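> here is my input; please provide its structure:
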Amino acid sequence: MSWKPIYGLLMFGLTVGNYFLGLALSRSTAHKKLVLVLTVAFNLLALAFFKYAYFARDILAEALKGLGTTVPPLAVQIILPLGISFFVFEFIHYASEVYKGGKPVTSFLDFALFASFFPTQIAGPIKRYQDFVPQLTNPHPVTMSTVEESARLITIGLVKKILFADYLAIVVHSAFEHPELLSSFDLWLAVYAFAYQIYFDFSAYTDIARGSALLFGFTVPPNFNLPYFSSSIAEFWRRWHISLSTWLRDYLFIPLGGSRGSALFTYRNLLITMVLGGIWHGAAGHFAIWGLYQGVLLVAHREFRSFCSRIELLKNITASKTFHYLSIIVTFHAVCIGWVFFRADSVSQAMAIIAKLLLIPSASTIPAWLLTITSTTESTVFLLLPFILLTILAGQLWAWHRSESKNIKPIPNWIQAVGFASAATLLIVLSPDFAPKFIYFQF
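Model (predicted):
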């Protein structure tokens, strides 16, 4: 509202509408499904207007171009409200759970706070009302250990965002601005950089949101669990943007029929779910292709798993540690190729970049892109990129080792103190002069 006051009416209107529709759902018997349909339509229409009006107009204009018909421009300028994709999904979740028999929220104030809780409103995690609303009546006490944990989360989030994501953004922006100047090797470095930029950027927001919520006595679920150490694309989606993955599973994939039918029926549901998940991220063709690509990978994984389960030799091979580690590498690179569609400005640009990625890497020792960089900061970041990526990989391996270890020894307090003091110092000294917005703010 401080930026565009009228959007406060949007949030208020959706909150009031969903509050009374939720009560109607809980009381209705004969027309319960109709009320649910109206509630979902009410929310999706709001999302569609603000997020997909231009996209729909462009598709219609392209379709009518061959007939010699033009489509007039929209009469109003539509600016996407912050967080609309996230709080609309929370409203749909709430209605679906009440429809299934869940107890509605009778206090309007509690319901409004569920929707507008500031740490999670703009970019999640997508909350479940069964987890959040009880915390309003039985809040967690804010103790010194709570403050310590919140400070830890917020500090880690700031380090991820400011010291990693924002500097990697320099590489990514320059690379995707002029991919034609890059060799195959250079492009792979840029794609790796984006893979970690989006991970650090989004998981940083989640860490800061969780830490901020803790300061008020609220627990918000984690949204990431070392996703780049997944050994399959299915495992990746159980570790990446967990709140969205589970939302898509519970309120799209399962209602479509889930895995309850034939293999083709299941694959159809997977493809529909992931394409719609891609379009949720953005009203553009390259997001739809990204979703389709993820769906195809999930289908291929299921087919491969089914095929291996029928052959004893393959079962033994796939159960080995060597295969597990190779699977992590293959899955990571499959995800990276998908990120090209996600980050590119168009499908054609993404296809051109991928075509170049799949060539034999250049043996040049000096990246071609260094010749195009004029800023000292950018030159330094580009030059240090391989070392930055190796440092990140080492840190991720250490975190993965700790998560996999059965005998985790706590880090001594004095080491934690030195570490967080060093982090605070680096944040002050090395923070860039620019502040790129969080990637998921655009969704």
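> grab the nearest non-local neighbour of Ala95.
The spatial neighbour of Ala95 that comes closest, neighbours along the chain excluded (Cβ to Cβ, 6 or more residues apart in numbering), is Thr39 at 4.3 Å. To be clear about C-beta, it is placed using only N, CA and C from the backbone, and glycine gets the same treatment.
> kindly report the same for Ile328.
Using Cβ to Cβ, 6+ apart and skipping the chain neighbours, the partner closest in space to Ile328 is Ser231 (5.2 Å).
> what does Ala344 give?
Counting by Cβ to Cβ, 6+ apart, the residue nearest Ala344 is Ala350, at 3.7 Å.
> wait, what's in contact with the one you found?
Residues in contact with Ala350 (Cβ atoms under 8 Å, 6 or more residues apart in numbering) are His286, Ile289, Val340, Phe341, Ala344.
> buried residues in stretch 181-197, which are they?
Residues 182-183, 185-197 are the ones in stretch 181-197 that count as buried (16 or more other Cβ atoms under 10 Å).
> the helices in the stretch 101-250 of the chain, which residues?
108-116, 118-121, 129-132, 134-137, 144-158, 166-177, 184-215, 233-239, 242-248 (DSSP state H, counting those that start in this stretch).
> Ala421: which of those is closest?
Closest to Ala421 of the helices of the stretch 101-250 of the chain is helix 144-158 (Cβ to Cβ; 10.0 Å).
> can you point out the buried residues in the closest one?
Thr146, Ser150, Arg152, Leu153, Ile154, Thr155, Ile156, Gly157, Leu158.
> residues contacting the third one?
It stands for Arg152. Applying Cβ under 8 Å, 6+ apart to Arg152 gives the contacts Gly211, Phe420.
> quick one: it from Glu303, how far?
Relative to Glu303, Arg152 is positioned 42 Å away (Cβ to Cβ, to the nearest Å).
> apart from its chain neighbours, what residue comes closest to Ala169?
Pro436 (4.9 Å).
> isn't the one you found right up against Asp166?
Yes - with contact defined as Cβ atoms under 8 Å, Pro436 reaches Asp166; the gap is 5.5 Å.
> among the contacts of Ala350, which lie within helices?
Among the contacts of Ala350, the members falling in helices (DSSP state H) are His286, Ile289, Val340, Phe341.
> okay, Gly258 and Glu180: tell me how far apart.
Gly258 sits 44 Å away from Glu180, going by Cβ to Cβ.
> who has more neighbours out of these two?
Gly258 (16 against 9; other Cβ atoms under 10 Å).
> what about stretch 214-232, distance to the chain center?
Offset of stretch 214-232 from its chain centre (Cα atoms, centre = their mean, to the nearest Å): 12 Å.
> let me see the contact set for Phe438.
Taking Cβ under 8 Å, 6+ apart as the test, what Phe438 contacts is Ile122, Ala123, Lys161, Asp201, Phe202, Ala204, Tyr205.
> using a markdown table, lay out those together with pLDDT and neighbour count.
Converted to a markdown table, the contacts of Phe438 look like this (pLDDT from 0 to 100; neighbours: other Cβ atoms under 10 Å):
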| residue | pLDDT | neighbour count |
| --- | --- | --- |
| Ile122 | 88 | 18 |
| Ala123 | 89 | 24 |
| Lys161 | 94 | 23 |
| Asp201 | 94 | 24 |
| Phe202 | 95 | 22 |
| Ala204 | 95 | 24 |
| Tyr205 | 95 | 25 |
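> can I get the residues you listed in a markdown table with distance to Leu64?
Output for the contacts of Phe438, formatted as a markdown table (distance: Cβ to Cβ, whole Å):
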| residue | distance to Leu64 |
| --- | --- |
| Ile122 | 36 |
| Ala123 | 36 |
| Lys161 | 44 |
| Asp201 | 39 |
| Phe202 | 38 |
| Ala204 | 44 |
| Tyr205 | 40 |
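> circling back to that earlier point, list the buried residues in the helix or strand in which the residue nearest to Ala344 is found.
Per DSSP states H and E: Ala350 is located in helix 347-357. For helix 347-357, the neighbour count (16+ other Cβ under 10 Å) marks Val347, Gln349, Ala350, Ile353, Ile354, Lys356, Leu357 as buried.
> only alpha carbons, please: show that helix as PDB.
Taking Å, rounded to 0.1, in the frame of the first residue of the first chain, the C-alpha atoms of helix 347-357 are listed here in PDB:
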ATOM      1  CA  VAL A 347      12.000 -19.700 -26.000                       C
ATOM      2  CA  SER A 348      14.300 -18.900 -29.000                       C
ATOM      3  CA  GLN A 349      17.000 -17.500 -26.800                       C
ATOM      4  CA  ALA A 350      16.800 -20.500 -24.500                       C
ATOM      5  CA  MET A 351      17.100 -22.900 -27.400                       C
ATOM      6  CA  ALA A 352      20.100 -21.100 -28.800                       C
ATOM      7  CA  ILE A 353      21.800 -21.200 -25.400                       C
ATOM      8  CA  ILE A 354      21.100 -24.900 -24.900                       C
ATOM      9  CA  ALA A 355      22.300 -25.700 -28.400                       C
ATOM     10  CA  LYS A 356      25.600 -24.000 -27.500                       C
ATOM     11  CA  LEU A 357      25.800 -25.700 -24.100                       C
END
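> lovely, talk soon.
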